[in-house]
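Novice: Provided below for reference: sequence and predicted model.
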Amino acid sequence: LSYLVAMVSSNKALMWVNYPTQVIGKSCKPIPVMILGVLIGRKSYPLLKYMFIMMIVAGVALFMYKDKAASKDSGEAGGIGLGELLLLLSLACDGATGAIQERMKSEHQTKSGHMMKAMNLWSMAYLAVALAFTGEGFEFLGFVSRHPDVLWQILTFCIASAFGQFFIFMCVSEFGPLPCSIVTTTRKFFTVLASVIYFGNSLVTRQWLGVVFVFAGLFLDGAYGK
C-alpha cells in the first residue's frame, strides 16, 4: 500500500508542480528511507552519511522554495502548495516502503523476483478497486478508443518499466533500500537536464545551486558515506 501511495501521489503532484520540481523533490527519497530504516528497519548509519544526507536536504529546500516575486509573476501563491504536499506524502511512503523492505530482507531473505511480484500484484488489486470506484477506468477506455496510437506508447512504457523494476528490486534484495534509493536518485540529474533542455523549463540561479548541493551530497555519500 505504501509503495502504491508513493507512486500515485508523486504522479498526481505533476498537476501542480513542473517536472524538474517533482524530480528534485523525489531526490530527497534517501532521507525518509534512512530515518524510517533506523526507526523501523533497525539499521544504523555512520555520521558522515547523515552529513551528506543533510546536504541533499539543503539542496532540495533551495530548489523548492518559491520567491514571492516569482510567485506573483506566475500567478501562484507563495509557500507550500498541494503539489509539494503530495511530494511530501510520496516521500513519507517511500520511507515506509524502504523500512518494510529492509525488514523483509533481514528477517526473511526475500528475493527480488518474489518481492517484485508480490508488491505489483497487491498494487494491481488496490488500483482495480480505485479505478472501479472513481470511474477513471472507463475514462481510460474512452481515451484509448479516441487515440488508439497511444497503446504502443503504453506498451513500450510498461516493458521499460518492468525491466527497470527488475533491476531496482534486485538492488534492494542484494544491497538494501538505501543504496537503491541513492542509485535511482543519481540518474535523475540527467533527467532534469533533459527536461530543462527539451521542454524549455527554466531554472533560476538558486535552483541550480540546489541541484549542485543535492547531487554533490549524493556522490560524496557514495564515495565516503560507508
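Specialist: Looks like it came in fine. Numbers count the residues shown, from 1 in each chain.

Novice: middle-most residue in this structure, spatially?
Specialist: For the chain, K26 is the residue whose C-alpha lies nearest the centre (C-alpha atoms, centre = their mean; 4.1 Å).

Novice: does that residue really touch L89, like I thought?
Specialist: No: judged on C-beta atoms under 8 Å, K26 makes no contact with L89 at a distance of 11.8 Å. C-beta coordinates here come from the backbone N, C-alpha and C atoms, glycine included.

Novice: dump the residue contacts of E107.
Specialist: Contact analysis of E107 by C-beta atoms under 8 Å, 6 or more residues apart in numbering lists nothing.

Novice: So what does it look like in phi/psi?
Specialist: When read as degrees, to the nearest 10, the backbone of E107 gives phi -90, psi -30.

Novice: From I100, how far off is it?
Specialist: From E107 across to I100, the span is 11 Å (C-beta to C-beta, to the nearest Å).

Novice: All the helices of the chain, residue numbers only.
Specialist: Counting by DSSP state H, the chain has helices at residues 2-12, 19-26, 30-39, 47-64, 68-74, 82-108, 112-134, 136-146, 150-175, 177-186, 188-199, 205-224.

Novice: Format these as a markdown table; extra columns: mean pLDDT.
Specialist: Below are the helices of the chain laid out as a markdown table (pLDDT from 0 to 100):
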| stretch | mean pLDDT |
| --- | --- |
| helix 2-12 | 83 |
| helix 19-26 | 74 |
| helix 30-39 | 81 |
| helix 47-64 | 78 |
| helix 68-74 | 43 |
| helix 82-108 | 82 |
| helix 112-134 | 84 |
| helix 136-146 | 87 |
| helix 150-175 | 87 |
| helix 177-186 | 75 |
| helix 188-199 | 70 |
| helix 205-224 | 80 |
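
Novice: Show residues contacting stretch 12-27.
Specialist: By C-beta under 8 Å, 6+ apart, stretch 12-27 touches 10, 56, 59-60, 63-64, 81-84, 86-87, 90-91, 94, 185, 188, 191-192, 195-196, 199, 201, 203, 207, 210-211, 214-215, 218.

Novice: which of those count as buried?
Specialist: 10, 56, 59-60, 63-64, 83-84, 86-87, 90-91, 94, 185, 188, 192, 195-196, 203, 207, 210-211, 214-215, 218 (16 or more other C-beta atoms under 10 Å).

Novice: The spatially closest residue to S123 that is not a sequence neighbour: what's it in contact with?
Specialist: Among residues not flanking S123 along the chain, L4 sits closest, at 4.5 Å (C-beta to C-beta, 6 or more residues apart in numbering). For L4, the contacting residues are 122-123, 126-127, by C-beta under 8 Å, 6+ apart.
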